[in-house]
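> Need coordinates for the following:
(one chain, ligands or ions: 2)
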Amino acid sequence: MDYKLAVIPGDGIGPEIVDQAIKVLYRIGQKYGHRFEYNMLLAGGCAIDATGKPLPEETVEVCRKSDAVILGAVGGYKWDTLPGHLRPEMALLGLRGQLGLFANLRPAVIYDELKEACPLKPEIIGDSIDIMVVRELTGGIYFGERGHREGKLGQEAFDTECYSVYEVERIARTAFEIARKRRAKVTSVDKANVLESSRLWREVVIKVSKDYPDVVLEHMYVDNAAMQLVRRPGQFDVIVTGNMFGDILSDEASMITGSIGMLPSASLGENSFGLYEPIHGSAPDIAGQDKANPIATILSIAMMLKYSFNLDAEARNIEDAVNKVLKEGYRTGDIMSEGKTLVGTNLMGDLIAERI
Ligand code: IPM
Ligand code: MN
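Numbers count the residues shown, from 1 in each chain. Ligands and ions are numbered 1, 2, ... in the order given. Below is the predicted model of the structure:
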């Protein structure tokens with residue numbers, strides 16, 4: 001098959017990790033007879049420098065006409081002092097909003113080979129950690145009404161958390177469908193003891209759950225969820241939650257696996273179209289030094305093959321190649337430990353590609 005891909009390398013380590021992912025994809029194409037066409041696009045800080053805007057219209061247009069989007073990372077010190085609407089991060093929010101990517105899938109998996117990198121005690125880790133955080137991505141407080149105004153105590157700023165029945169229903173369905181293919185448990189995380197929007201969230205999730213009697217549903221307040229993740233992470237299968245809680249909990253979940261440089265993500269809309277990116281940021285401190293771990297981006301490509309193109313065997317081939325390289329003892333700096341072989345970004349990409 002032929003696939004049209006929009007590629008947004010972005011800033012910092014973005015370009016070098018995306019290069020490795022393309023290397024791997026090239027091998028997949030050779031082996032399985034697929035052709036991938038790449039359209040390189042600007043977004044984030046590099047787009048601000050080139051066009052004055054974090055998300056040029058052309059980028060969104062080309063993404064719309066593509067089968068999927070691959071993104072590296074955006075942002076860096078250079079653009080940190082710009083006003084809110086001009087910051088590189090706006091490119092991410094804009095892409096998600098304009099492309100209708102409402103479901104953000106963030107798997108947090110602990111690799112046997114990297115168990116020593118997990119900051120939790122072995123008795124807390126248990127047999128394994130394999131959590132899928134399903135984060136609502138185009139609603140809630142990140143997209144709600146905001147502004148400045150004169151309040152009782154003088155000048156103030158506000159952001160609004162708001163969820164519609166429609167938005168909760170569709171993300172809940174996504175979570176239940178995914179849970180069905182895993183261990184059939186959904187933990188819906190909210191703050192229903194305080195927030196009206198959370199009470200609606202819970203009500204709607206319960207309603208949707210009636211269509212999935214084979215999936216166990218539980219509810220958890222977000223503060224408790226943050227605690228349970230480090231107390232007994234093995235209890236979680238699928239976590240479904242709103243935009244802000246999902247932002248925070250997915251970082252926490254990734255950290256307990258000890259390897260933020262390993263974790264991919266998928267952002268999906270109503271159909272098979274999706275945007276795939278590592279969950280880590282642009283790491284400007286190590287950019288251009290051949291130090292970044294490309295595995296999260298390479299595994300994001302595997303998610304793309306699986307979720308957007310239904311190419312399960314190809315996706316598994318990439319995951320197996322990553323596991324093989326880890327078993328053979330190769331490590332980038334972020335996951336390095338004694339007795340292992342330290343490699344750079346480029347070589348890590350080559351090693352994985354060679355094992356496809
Ligand atoms: C993420 C990031 C973004 C978010 C920022 C950069 C807008 O933290 O993808 O988690 O909060 O969604
Ligand atoms: Mn985040």
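> Give me the most central residue, the protein.
residue 265 (2.9 Å; C-alpha atoms, centre = their mean).
> Was I right to think it contacts residue 104?
Yes - Residue 265 is within contact range of residue 104, at 6.3 Å (criterion: C-beta atoms under 8 Å). Bear in mind the C-beta positions are built from the backbone N, C-alpha and C, glycine included.
> follow-up on the earlier one: list the contacts for the residue nearest to the centre of the chain?
104, 105, 106, 107, 276, 277, 278, 279, 300, 303 (C-beta atoms under 8 Å, 6 or more residues apart in numbering).
> got the phi/psi numbers for residue 70?
Residue 70 has phi and psi values of phi -110, psi 130 when expressed as degrees, to the nearest 10.
> Tell me the secondary structure at the residue lying closest to residue 195 once chain neighbours are set aside.
What sits nearest to residue 195 in space, not counting adjacent residues and going by C-beta to C-beta, 6 or more residues apart in numbering, is residue 161, at 6.6 Å. Using DSSP: H, G, I helix; E, B strand; the rest coil, the structure places residue 161 in coil.
> Next, the contact list for residue 161, please.
Contacts of residue 161 (C-beta under 8 Å, 6+ apart): 140, 141, 144, 195, 197, 242, 244.
> could I get these as JSON lines with neighbour count, secondary structure and distance to residue 53?
Below are the contacts of residue 161 laid out as JSON lines (neighbours: other C-beta atoms under 10 Å; DSSP: H, G, I helix; E, B strand; the rest coil; distance: C-beta to C-beta, whole Å):
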{"residue": "140", "neighbour count": "24", "secondary structure": "helix", "distance to residue 53": "24"}
{"residue": "141", "neighbour count": "18", "secondary structure": "helix", "distance to residue 53": "24"}
{"residue": "144", "neighbour count": "16", "secondary structure": "coil", "distance to residue 53": "23"}
{"residue": "195", "neighbour count": "15", "secondary structure": "coil", "distance to residue 53": "34"}
{"residue": "197", "neighbour count": "22", "secondary structure": "helix", "distance to residue 53": "31"}
{"residue": "242", "neighbour count": "28", "secondary structure": "coil", "distance to residue 53": "28"}
{"residue": "244", "neighbour count": "17", "secondary structure": "helix", "distance to residue 53": "25"}
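> Those residues: which ones sit near ligand 1?
Taking C-beta under 6 Å from any ligand atom as the test, ligand 1 is in contact with none of these.
> need the residues of the stretch 51-200 of the chain near ligand 1, please.
Counting by C-beta under 6 Å from any ligand atom, the stretch 51-200 of the chain sits next to ligand 1 at 89, 92, 93.
> May I ask which of those residues has the most neighbours?
The most crowded member of these, judged by other C-beta atoms under 10 Å, is residue 92 (25 neighbours).
> Could you say which helix or strand holds that residue?
helix 89-98 (DSSP states H and E).
> same check, this time on residue 350
Short version, using DSSP H and E: residue 350 is in helix 345-354.
> mind listing the strands for the stretch 251-356 of the chain?
For the stretch 251-356 of the chain, strands defined by DSSP state E, counting those that start in this stretch occupy the ranges 264-268, 274-278, 330-331, 341-342.
> Give me the distance between the third one and the centre of its chain.
Translated: strand 330-331. Distance of strand 330-331 from the chain centroid (C-alpha atoms, centre = their mean, to the nearest Å) equals 23 Å.
> isn't residue 37 right up against residue 6?
No - the pair residue 37 / residue 6 is not scored as a contact, 10.0 Å apart, by C-beta under 8 Å.
> which one of those two has more residues nearby?
Comparing residue 37 with residue 6 by other C-beta under 10 Å, the one with more neighbours is residue 6, at 26 against 11.
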